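Novice: for reference, the sequence and a predicted model appear below.
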2 protein chains.
Amino acid sequence: MSLDDIAKTETAGNGGAADTSRWLRIYRALRSEILSDDLPSGSQLPSEKQLCERFAVTRMTVRRALQALQQEGMLTARKGVGVFVRRAPPCYQITDGNRFVDNITADGDTVETQTLSIIRERVLAASAASLKVPRGSRVIAVTRLRLINNEPTFLNCKQLPAALFPQFDAVYARRQSVDDVYRHHGIESYRRRETRITGGFATEEEARILGLPVGAPLLRSRSVNEDDTGTRIEYSNGCWPLTAVEFVFPGPSENLQISRHGGVQG
Amino acid sequence: MSLDDIAKTETAGNGGAADTSRWLRIYRALRSEILSDDLPSGSQLPSEKQLCERFAVTRMTVRRALQALQQEGMLTARKGVGVFVRRAPPCYQITDGNRFVDNITADGDTVETQTLSIIRERVLAASAASLKVPRGSRVIAVTRLRLINNEPTFLNCKQLPAALFPQFDAVYARRQSVDDVYRHHGIESYRRRETRITGGFATEEEARILGLPVGAPLLRSRSVNEDDTGTRIEYSNGCWPLTAVEFVFPGPSENLQISRHGGVQG
DNA sequence: CAGTGGTCTAGACCACATG
DNA sequence: ATGTGGTCTAGACCACTGG
């Protein structure tokens, strides 16, 4: 009796009521076992072959279910090793207040900053509008990756008007600190002018850098900072794995409004 | 000569350098054709069988690429019909200001509000803390679906302290307007106390209601509103398809801070 | 009815990690 | 050397849509 025959028997035994596909039933079964801690965080699942036997399906069907769970971040697969229940990804609150690094380390977490590139380029139209700098002027573009507890967590590209920070390289090289650069150029404090939050999907490059599968969902933040005089000093474009962060915006503010904007796709 | 032989010839001809999988090459090819408007928005793709011939692979391989593009919202498949390039999903800015509906319709878009359920229940711990109501007190939970241009776009569950709005049902029934309920109970204006934005994945129920695949990525917003006296009148929990909305938070405010919070998974 | 996408089978070969 | 997950084949049956 083949697996196919078994499957047909199953559904036939139900009076032909196969209301859901087999991979979805496997998805639900595994999902509930993970959520109920029957499959604890960090534990290894049975191999795909064993799961095939358990659910009486072929590997492709098991993998269809596993794939869905991986996309939701509940499972991670390591080639040659196995499939594991992913530890609940740490989630960080971002609010107004102090600096990035201080509060991470205060909670006993480690923060590593990798500077991936520093390039000077002519400002693009979108950045020019946000920074209120003339078209064609130059910006310093700093691309950095933040690893929290050795997990790539935040990929970020800051653009700073080059004219404002002539000593950027020398100061930044010391501690990889943009705040240091600000202070060195007479900016003791600054404030967030605007923050925009959207969702999106990882480009192949972003996926590679963040260690995510191709097309993984992301949270994107775009923000503008200005100094105490209202001069815009930074335009920042960042992305996080979808469940790695929570943005907290305290009120009070006015009533809620919604208005048409235009697509973000592409 | 079988398809398999052709494929082997291809990679062998490259000096054995098959650095990427076949489905990923198909993914890239289709993706670039969509982005370059070679496959215009709304147009129908060749059938899977035709794509198999074009790329010299089997259906499962084509489908692996199509699946990735569907997860990113670039394609939608209609059973029995075909696969289509998805129209760039409308993206709405949410900022502080006026009411939800007014600004949609002002842009010529249609808004439909479906009230899915109105139930009274004892407040849960999380909601009680946000609303600052006693544990065990009662809330009115209103679950609503907003369709913009007939697309399910925003699924929302508001919780209101039941004691504050004794006339809720009668007033709400008239126009499905929570603002009407507020006004009827003497609340002329209110303000956003806090907004939290996270990413997540659709439950099966959310996916069904929003017309998304199981486990589709979402943007989630949780917010608390209070009236002019500081009384918290609403705790709202909503979700949007990942690319359907952009949240805009205007400054100025203090410097940025990040602090540890805890997982959101599950 | 023919054509479409959704699901599934029963294999296979590969790269990778571990003992 | 063995077992793992990643990929792929060459079929098949089904439900659904449309002419």
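Specialist: It's in.

Novice: and the closest residue to residue A:167 other than its chain neighbours, what pLDDT?
Specialist: Of all residues not flanking residue A:167 in the chain, residue A:184 sits nearest, at 5.9 Å (C-beta to C-beta, 6 or more residues apart in numbering or on different chains). (C-beta placed from N, C-alpha, C; glycine too.) Looking at residue A:184, its pLDDT reads 95.

Novice: give me the neighbour count for residue A:184.
Specialist: Residues near residue A:184, counting by other C-beta atoms under 10 Å in any protein chain shown, number 16.

Novice: so it sits against residue A:171, correct?
Specialist: Yes - Residue A:184 lies in contact with residue A:171 (C-beta atoms under 8 Å); the separation is 4.6 Å.

Novice: quick one on the thing from earlier: quick one: the residue nearest to residue A:167 and chain B, what's the gap?
Specialist: Residue A:184 sits 17 Å away from chain B, going by C-beta to the nearest C-beta, to the nearest Å.

Novice: and the strands in the stretch 51-200 of chain A, which stretches?
Specialist: Applying DSSP state E, counting those that start in this stretch to the stretch 51-200 of chain A gives strands spanning A:75-78, A:82-85, A:92-96, A:111-122, A:138-148, A:151-161, A:190-201.

Novice: how about the residues of chain A near DNA strand D?
Specialist: A:45, A:47-50, A:59-60, A:63, A:66, A:77-83 (C-beta under 7 Å from any atom of the strand).

Novice: one more pass at 6 Å, please.
Specialist: A:47, A:48, A:49, A:59, A:60, A:63, A:77, A:79, A:80, A:82, A:83 (C-beta under 6 Å from any atom of the strand).

Novice: which two in the residues you listed are spaced the farthest apart?
Specialist: Across the residues of chain A next to DNA strand D, no pair lies farther apart than A:60 and A:80, at 19.6 Å, counting by C-beta to C-beta.

Novice: which of the strands of the stretch 51-200 of chain A has the lowest average pLDDT?
Specialist: Mean pLDDT, when computed for each of the strands of the stretch 51-200 of chain A, is lowest for strand A:92-96, at a mean of 71.

Novice: near chain B, which residues of the stretch 101-250 of chain A?
Specialist: Within reach of chain B by C-beta under 8 Å from any C-beta of the partner chain, the stretch 101-250 of chain A has these residues: A:103-104, A:106-107, A:109, A:189-201, A:214-215, A:217-219, A:224, A:226, A:242-243, A:245-250.

Novice: could you measure from the closest residue to residue A:133 other than its chain neighbours over to DNA strand C?
Specialist: Closest residue in space to residue A:133, ignoring its immediate chain neighbours: residue A:161 at 5.2 Å, by C-beta to C-beta, 6+ apart. Distance, residue A:161 to DNA strand C, using C-beta to the nearest atom of the strand, to the nearest Å: 43 Å.

Novice: same thing with residue A:94?
Specialist: Residue A:94 sits 33 Å away from DNA strand C, taking C-beta to the nearest atom of the strand as the criterion.

Novice: next up, the contacts around residue A:148.
Specialist: By C-beta atoms under 8 Å, 6 or more residues apart in numbering or on different chains, the contact list for residue A:148 reads A:90, A:92, A:104, A:109, A:110, A:111, A:154.

Novice: related to what we said a few turns ago, pretty sure the residue nearest to residue A:133 contacts residue A:132?
Specialist: No - Residue A:161 is beyond contact range of residue A:132, at 9.2 Å (criterion: C-beta under 8 Å).

Novice: so what sits against both of the two?
Specialist: Common neighbours of residue A:161 and residue A:132, counting by C-beta under 8 Å, 6+ apart, are residue A:232.

Novice: just confirm residue A:151 contacts residue A:90, I think it does.
Specialist: Yes - counting by C-beta under 8 Å, residue A:151 touches residue A:90, with 7.3 Å between them.

Novice: list the beta-bridge partners for the closest residue to residue A:72 other than its chain neighbours.
Specialist: Of all residues not flanking residue A:72 in the chain, residue B:201 sits nearest, at 4.4 Å (C-beta to C-beta, 6+ apart). Note on residue B:201: beta-bridge partners by DSSP bridges are residue B:217.

Novice: could you do residue A:122 as well?
Specialist: Applying DSSP bridges, one finds that residue A:122 bridges with residue A:138.

Novice: so who does it touch?
Specialist: A:136, A:137, A:138, A:139.

Novice: and the second one, how far from residue A:121?
Specialist: Spelled out, it's residue A:137. Per C-beta to C-beta, to the nearest Å, residue A:137 is found 10 Å from residue A:121.

Novice: and the closest residue to residue A:199 other than its chain neighbours, how many neighbours does it have?
Specialist: Nearest non-adjacent residue to residue A:199, counting by C-beta to C-beta, 6+ apart: residue B:242, 3.5 Å away. Residue B:242 has 28 neighbours, counted by other C-beta under 10 Å.

Novice: residue B:242 touches residue B:198, doesn't it?
Specialist: No - between residue B:242 and residue B:198 there is no contact under C-beta under 8 Å: 11.8 Å.

Novice: and the residue of the stretch 151-266 of chain A closest to DNA strand C?
Specialist: The minimum distance from the stretch 151-266 of chain A to DNA strand C, using C-beta to the nearest atom of the strand, falls at residue A:211 (12.9 Å).

Novice: what about residue A:78, neighbour count?
Specialist: The number of residues packed near residue A:78 is 9, by other C-beta under 10 Å.

Novice: how about the one 5 residues further on?
Specialist: Summarising burial for residue A:83: neighbours were counted as other C-beta under 10 Å, giving 21.

Novice: who's it bridged to?
Specialist: Beta-bridge pairing of residue A:83 under DSSP bridges involves residue A:77.

Novice: against DNA strand C, how distant is it?
Specialist: Distance from residue A:83 to DNA strand C, by C-beta to the nearest atom of the strand: 13 Å.

Novice: quick one, what contacts that residue?
Specialist: Taking C-beta under 8 Å, 6+ apart as the test, what residue A:83 contacts is A:44, A:45, A:47, A:48, A:66, A:75, A:76, A:77.

Novice: please repeat the previous calculation with a cut-off of 6 Å.
Specialist: Residues near residue A:83 by C-beta atoms under 6 Å, 6 or more residues apart in numbering or on different chains: A:45, A:75, A:77.

Novice: so how far is residue A:241 from it?
Specialist: For residue A:83, the distance to residue A:241 equals 19 Å [C-beta to C-beta].

Novice: if we can go back for a sec, count of neighbours near the closest residue to the residue of the stretch 151-266 of chain A closest to DNA strand C other than its chain neighbours?
Specialist: Of all residues not flanking residue A:211 in the chain, residue A:152 sits nearest, at 5.2 Å (C-beta to C-beta, 6+ apart). When neighbours are counted by other C-beta under 10 Å, residue A:152 registers 18.

Novice: who does residue A:152 bridge with?
Specialist: Under the criterion used here (DSSP bridges), residue A:152 is bridged to residue A:147.
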